[in-house]
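Q: model this:
(one chain, ligands or ions: 1)
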Amino acid sequence: MNGSIEVRGLSRTFHTTVRRPGFGGALRSLVNPEKVTKEAVTDVTFSVAAGELLALLGPNGAGKSTTIKMLTGILTPTAGEARVAGVVPYEERERNARNIGAVFGQRTQLWWDLPVRESFAILRDIYEVPKPEHTARLQEFDDLLDLSSFWDTRVRHLSLGQRVRSDLAAALLHDPPVVFLDEPTIGMDVVVKEQVREFLRHQVEERGRTVLLTTHDMTEVERLAERVVLINNGRLVLDGTLDEIRREFGSTWQVRVTLADPHTEIGPLPGIALLRREGPQAVFGPDGPDAPTVHQALKRVIERYEVTDLALDEADLEDVMRAAYVHAEGV
Ligand SMILES: Nc1ncnc2c1ncn2[C@@H]1O[C@H](COP(=O)(O)OP(=O)(O)OP(=O)(O)O)[C@@H](O)[C@H]1O
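A: Below is the predicted model:
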């Protein structure tokens, strides 16, 4: 099965009524409700290749969750279309449900009053997963997520980290090619976050799953995603690899080296400028729109010159994304 995600011109508008303030206002709202229209997602187009992990980023209220809800079949778009593993999710919700796993970090799909293991057993029956497969997959998930220490505990008594790890396992028990994760590691401690990231990396690299992830955590993006799509006010404003985005919005890196021979002459390197030179110390920075990333620059510099010491200064992804948002506001 081709687990790709295709989104073309996807839009979703919400119509709501606003409540006027005060008792009189409430009465007037009842008789003559004031209608407002909110364009949550407008004309969004992107695709995710099978086996790719894409981070869908954007500030609060940008339209990320609304997009994911359309792709999981919970919401129907007002315009445009989407296909997930070849299925139009909001037209064939059941077929789509077999192809996808979804984890919403703030909510659980497990049964609150049942031990985790029983929730897994119910899901096995719902998705008709053969027992040996189910057992093998649980074993794999336990190895990576360390579930067995709490899988006889009722879901309501789990810590947040334990609950989300259980949710992740539950979402993947039926072996879906596509996985949607809406802020999966929100509120977790660093150790559990890292465990979840390792699990996700394994699911993409070893199991070939396609993952669409939303997060506000740039460390997560750096660790997991090669490509990101940025939305702002419901519109797609950027679609590119992290390298491309760093090149466009993070042009503040520096490579500082100590040359083995202080008399070395520094010649031109493509896209790299010599910013300062003092005896054996040389500082390089990006030059022009085709400047390389800091890692490529470092490689080029140490291939060309013999150095005894080096250091990197790189705009962190948080700064790069901030610059991208600011750019998007001005578009
Ligand atoms: N059911 C709804 N009715 C009316 N407006 C809605 C509804 N759901 C979402 N919206 C509005 O649509 C916009 C996009 O919301 P959405 O939840 O998709 O944003 P988000 O990018 O996921 O934000 P966050 O990062 O805060 O989770 C917001 O302005 C929100 O208020």
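Q: use CA for all of it now, contacts and neighbours both
A: Will do.
Q: ok now do Glu52, which residues does it touch?
A: Glu52 sits next to Val204, Gly208, Arg209, Thr210, Val211 when contact means CA atoms under 8 Å, 6 or more residues apart in numbering.
Q: Could you rerun that using 7 Å?
A: Going by CA atoms under 7 Å, 6 or more residues apart in numbering, Glu52 touches Val204, Thr210, Val211.
Q: Counting neighbours, which of these comes out on top?
A: Among the contacts of Glu52, the one with the most neighbours (other CA atoms under 10 Å) is Val211, at 30 neighbours.
Q: you'd agree that residue is in a strand?
A: Yes: checked against DSSP: H, G, I helix; E, B strand; the rest coil, Val211 lies within a strand.
Q: Quick one: the helices in the stretch 1-150 of the chain, in order.
A: 22-31, 64-71, 93-99, 116-126, 131-145 (DSSP state H, counting those that start in this stretch).
Q: In the stretch 151-300 of the chain, where is pLDDT below threshold?
A: 250-251 (pLDDT under 70).
Q: which residue packs closest to the residue of it found nearest the ligand, ignoring adjacent ones?
A: Going by CA to the nearest ligand atom, the ligand is nearest to Gly234 of the stretch 151-300 of the chain, at 6.8 Å. With sequence-adjacent residues excluded and distances taken as CA to CA, 6 or more residues apart in numbering, Gly234 is closest to Val41, at 4.0 Å.
Q: neighbouring contacts of the host helix or strand of Leu275?
A: Counting by DSSP states H and E, the element that carries Leu275 is strand 272-278. Strand 272-278 has contacts (CA under 7 Å, 6+ apart) with Ala282, Val283, Phe284, Gly285, Pro286, Asp287, Ala291.
Q: Check which element follows that strand along the chain.
A: Defined by DSSP H and E, the subsequent element after strand 272-278 is strand 281-286.
Q: Now do the contacts for the nearest residue to Arg154 once chain neighbours are set aside.
A: Spatial nearest neighbour of Arg154, chain neighbours left out: Pro115 (3.8 Å); criterion: CA to CA, 6+ apart. Pro115 sits next to Trp151, Asp152, Thr153, Arg154, Val155 when contact means CA under 7 Å, 6+ apart.
Q: pull the CA atoms of the strand holding Leu275 into PDB?
A: Provided in PDB are the C-alpha atoms of strand 272-278 (Å, rounded to 0.1, in the frame of the first residue of the first chain):
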ATOM      1  CA  ILE A 272      31.500  31.100   2.300                       C
ATOM      2  CA  ALA A 273      33.000  34.400   3.300                       C
ATOM      3  CA  LEU A 274      36.100  35.000   5.400                       C
ATOM      4  CA  LEU A 275      34.700  37.400   8.100                       C
ATOM      5  CA  ARG A 276      37.800  37.800  10.300                       C
ATOM      6  CA  ARG A 277      41.400  36.800  10.300                       C
ATOM      7  CA  GLU A 278      43.900  37.200  13.100                       C
END
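Q: re the thing from before, tell me, which of the contacts of Pro115 make contact with the ligand?
A: Near the ligand, judged by CA under 6 Å from any ligand atom, there are no entries from the contacts of Pro115.
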